[in-house]
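Chemist: Pasting the sequence and the predicted model now:
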Amino acid sequence: MRIPEIDFMAHRRLAMGISIALVLLSLVALAVRGISFGLDFTGGVLVEIGFDQDMEPEGVRVLLEQSGYEDSVVQNFGDASTLLVRMPTQEGRDQASLGNELLALVKAEHGSADLRRIDFIGPVVGEELREQGGLAVLVALAVVMLYIMFRFTGKFSVGAVIALVHDIAIAVGAFAIFGWSFDLSVLAAMLAVIGYSLNDTIVVSDRIRENFRLLRRSSPIEVINTSLNQTLGRTLVTSLTTLLVLVSLLLVGGEQLRGFAAALTIGVVVGSYSSIYVAATTLLLLKVNRSSLVVAEQKAE
Amino acid sequence: MALGSLIGDRLIRMGRDADPSAPEDFRLRFAILVLALVLGVIYAAPNLFTPDYALQLRSVVSDGRLSPQLEGRVTEALTSRGIAIKSSEYVPDRLLVRFASGDEQLRAKSILEAWLNRDETRYVVALNLASTTPAWLERLGGKPMSLGLDLSGGIHFLLEVDLDSAVRDRLEADAENFRRVLRDNRLRYQAAEEWLVEDSLQVAFMDAATRDAAEDALADTAAEYEVQAATVRGLAGLELRLRTEELDEIRDYAMSQNLASLRNRVNELGVSEPLVQAAGRSRIIVDLPGVQDSADAKRILNKFANLEFRLVAGPDVSAARTERYEYEGREVVLERSNIVTGDRVTNAVQNFDPETSAPQVSIDLDGVGGELMNQATRSNVGNQMGIIFIEREPKATRRMVDGEEEVSFETVEKRRVINVATIQSALGYRFRITGLGLGEARDLALLLRAGALAVPMYIVEERTVGASLGQENIERGALSMMIGMALVVVFMLAFYKVFGVAAVIALALNLTLLTAIMSVLGATLTLPGIAGVVLTVGMAVDANVLIFSRIKEELARSPPQLAIRAGFERALLTILDANVTTFFVAIILLTIGSGPVKGFAVTLSIGILTSVFTAVVGTRSLIHLVYGRRTVRRLAI
């Protein structure tokens, strides 16, 4: 296999346009639709019930409403014979036994109802999980930024940060656009995306820096193109193997891992793309050249 | 310099020392690899032995000893009903009976529960998955990974202990004492008002002189309080606050008492490997693997049941010292003070009255309780005694207050007289209580044995996973693991040929080590944890890819042996760098995250460590084995 010679930077304006469009779309979706947070963060009750035949969600929803339970959301989950009932905590009722009451009610009507799962998150715990989650994201970003400050210098760190923000914005944006439920496992996936996105950028940026030293006669665009071509094989193979396992998780991992696998899949695809285009294009926009590297290195000494 | 780079430099130096031209050091690396492989295989091995379906039998009587004949009787009872026992053995305090299938296990459970407890509740029968790990492996410390509740099925509760109510109870009890001291000293205080104001006691006096006298009078009784002169409701008053050490002690006591009682209750539920542990200052985690009925579990865990024994008031007892109850449609007047309460019970067993076959509870009192009961009944032979049954159920309800959501905690208390009987003779330490339904009698016996909760608790989180979903999660996890792995293996072999073989072997070693470390650490495998392992499979290849692409590049300018060496060395720094960020994130998730996040973080962080190790030590040794000792013209890369 030979190292390819693709002129990545020739398309950088198109790529930049796409990136900006995607990020803007994500931001608009976040502002307009918002994220639909899962039970972990909102609090409430969730009951997953399996039946021995296909079930219409509407029938169960009406049943619950008639029995005085408000604001329940009933939907098929995974297949037509499984229902997922979600409900906020009800006024004036004992919260902790809501799930059992729901189940008993459905069971009385449909004898085949089999409990698959009850999740109950009290309002206080939901709030704590929100805070903890937010804290985890902040700490992760802070640690990663600190690491970028140590690891990269000057314009390279700007490129890495922009690539990181780009990846997270698009991955979170996708959840807003498609209205997918954002729960604890998705949060974990997003944090893994932060780590993954950066590791791709590090490998590419390192090569660019190395090549600025080695290829003294080349222009910045040439240096970046060479570096991207050299690392392309690795970027593709790594992303591909990671995508292979993620696809297998998406297809057979079940409903509970779907959001997690989707977040990582989007993160890996966007992360690989951004390590090629976003970080490198930022370097060019900042007019990176050999001298900026030398100055930066002197500073670092 | 970055952390990764610092470590990288050191490893590069180590790497240089260990180049193929210095065989001694290659041997060292190879020895490390073999050692890791052997340890990995040994400690991962227990996971290969599928556990047996088993039942655990335990006596509910407090000394907990099982009769040596039990094993034979159980075997006979089951075989006569057509259930084959695989094996049975005594483990400390318990009899463990193994079965060949889950179906037999369930049938045996219901048979044994009915048969062993036909006269009275004497045994708890718990479902269990008994390890089949060979003894020699167990002696080496080998044990299988434990499965999280989302895989095994079961219930997770997070309970909030109402510590404020423990403090309030104490304040109210002390206030009663303080009032007595003031009355004894003839110091007049504003009697109509409640003393308890938030977390302090406040009392108002007629004038400052009385207040000062009261402060002196209370000095001894209120030693655990900080007493301050204050203006209370516009009058000269005192404010009493419990000292911080005292507050801590009350809270610690309430927590440990509730924990102890919960542990006892959980044991009574028939759960084989429950987890009851404090989480933070005021919370308790209860994990009940295998339990399906969360309504039933809640009824037992959260409930408070007690008894009060009182004399039926005679005509000369003043009305202020009596309480009226309804019993069998008529009114009974009981004295307000208890002879004794259920707190003095050392053992309680539900059984049946031999004459009427009605359910009853046989009770043993402790020394003090027996003495009190004896004294009270001796002087009241011919009079009547009533027994009050008290149930408390904590409820947390949501209310909207001025548009704001508010959760209020309250305890619903029900008391009723269950028995009024004429005292025939002086009672002692043991007696029987009738007048309860079967379910009530069973619960009462259980709760009296387990000990009362010091303060109410409220469930703030529940995650119940049914057995069918748990099994499905295991299957789905295993399937996505296998498919993902197969895809990666095929790809690596097709793309990298001989080097691909090395990478695939490294991947196998990686997974073995990951399993071994998880098992040894006693980490719990959850569904997100499996996702973490699957992700590790995909990402672990990266280190090998980095090495291989460097070697490919080096091949352009150096002969194969040199290219291999340079490739490994130059890739090392990048490998560390690339993994360090994900590792940081995994550690953050591990420290801050909870529940599903934690399971993922555990496998992800261990996976990163084993990936780097296998790539740096494993792949390199393998490549050396293939190409190291001969002159190579072409590399199959």
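Modeler: Now that the structure is in, tell me what you want to look at.
Chemist: Assign residue B:129 to helix, strand or coil.
Modeler: strand (DSSP: H, G, I helix; E, B strand; the rest coil).
Chemist: how about it, what does it touch?
Modeler: For residue B:129, the contacting residues are B:51-54, B:152, B:272, by Cβ atoms under 8 Å, 6 or more residues apart in numbering or on different chains. From N, CA and C alone the C-beta is placed, and that goes for glycine too.
Chemist: could I get those residues as TSV with distance to chain A and neighbour count?
Modeler: Formatted as TSV, these follow (distance: Cβ to the nearest Cβ, whole Å; neighbours: other Cβ atoms under 10 Å in any protein chain shown):
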residue	distance to chain A	neighbour count
B:51	23	15
B:52	26	19
B:53	20	21
B:54	24	24
B:152	13	22
B:272	21	21
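Chemist: Among the residues you listed, which ones are in helices?
Modeler: residue B:152 (DSSP state H).
Chemist: So among the contacts of residue B:129, where is pLDDT lowest?
Modeler: The lowest pLDDT within those belongs to residue B:272, with 75.
Chemist: Show the contacting residues for it.
Modeler: Here residue B:272 is in contact with B:56, B:126-129, B:289-290 (Cβ under 8 Å, 6+ apart).
Chemist: again, but for residue A:33
Modeler: Counting by Cβ under 8 Å, 6+ apart, residue A:33 has contacts A:176-177, A:179.
Chemist: Which helix or which strand is home to the residue lying closest to residue A:93 once chain neighbours are set aside?
Modeler: Excluding its sequence neighbours, the residue lying closest to residue A:93 (Cβ to Cβ, 6 or more residues apart in numbering or on different chains) is residue B:397, at 6.3 Å. Under DSSP states H and E, the secondary-structure element containing residue B:397 is strand B:384-401.
Chemist: now do residue B:489
Modeler: helix B:467-521.
Chemist: what packs against the next helix or strand after that helix?
Modeler: Following helix B:467-521 in sequence order, the next helix or strand is strand B:524-525 (DSSP H and E). On a contact count with 3 or more Cβ pairs under 8 Å, 6 or more residues apart in numbering or on different chains; DSSP states H and E, strand B:524-525 meets strand B:146-147, helix B:596-613.
Chemist: before we move on, the earlier item: what's the angle from the helix holding residue B:489 to helix B:596-613?
Modeler: Computed by axes from the mean of the first three to the mean of the last three Cα atoms, to 10 degrees, the angle separating helix B:467-521 from helix B:596-613 equals 40 degrees.
Chemist: avg pLDDT for helix B:467-521?
Modeler: 91.
Chemist: So which elements touch that helix?
Modeler: Counting by 3+ Cβ pairs under 8 Å, 6+ apart, helix B:467-521 packs on strand A:44-50, strand A:114-121, helix A:220-252, helix B:23-44, helix B:149-152, helix B:527-555, helix B:596-613, helix B:620-627.
Chemist: ok, residues contacting the second one?
Modeler: The one in question is strand A:114-121. A:39-40, A:42-51, A:82, A:95-96, A:98-100, A:103, A:129, B:292, B:294, B:459, B:461-466, B:468-469.
Chemist: and the nearest residue to residue B:106 once chain neighbours are set aside, what pLDDT?
Modeler: Among residues not flanking residue B:106 along the chain, residue B:127 sits closest, at 7.8 Å (Cβ to Cβ, 6+ apart). For residue B:127, the pLDDT comes out at 81.
Chemist: What is the neighbour count of residue B:127?
Modeler: Per other Cβ atoms under 10 Å in any protein chain shown, the neighbour tally for residue B:127 reads 20.
Chemist: So it sits against residue B:51, correct?
Modeler: No: contact criterion Cβ atoms under 8 Å: residue B:127 and residue B:51 do not qualify, at 11.7 Å.
Chemist: per-residue pLDDT, residue B:77?
Modeler: At residue B:77, pLDDT is 86.
Chemist: close enough to count as contact, it and residue B:115?
Modeler: Yes: using Cβ under 8 Å, residue B:77 is in contact with residue B:115, at 5.4 Å.
Chemist: Now for residue B:467: which residues touch it?
Modeler: B:153, B:290, B:292.
Chemist: hmm, try it at 7 Å
Modeler: Shown in contact with residue B:467 (Cβ atoms under 7 Å, 6 or more residues apart in numbering or on different chains): B:153, B:292.
Chemist: any idea how far it lies from residue A:169?
Modeler: Residue B:467 sits 41 Å away from residue A:169, going by Cβ to Cβ, to the nearest Å.
Chemist: Distance from stretch A:57-68 to the middle of the chain?
Modeler: Distance of stretch A:57-68 from its chain centroid, counting by Cα atoms, centre = their mean, to the nearest Å, is 34 Å.
Chemist: actually stretch A:238-251, not the one I typed
Modeler: 15 Å.
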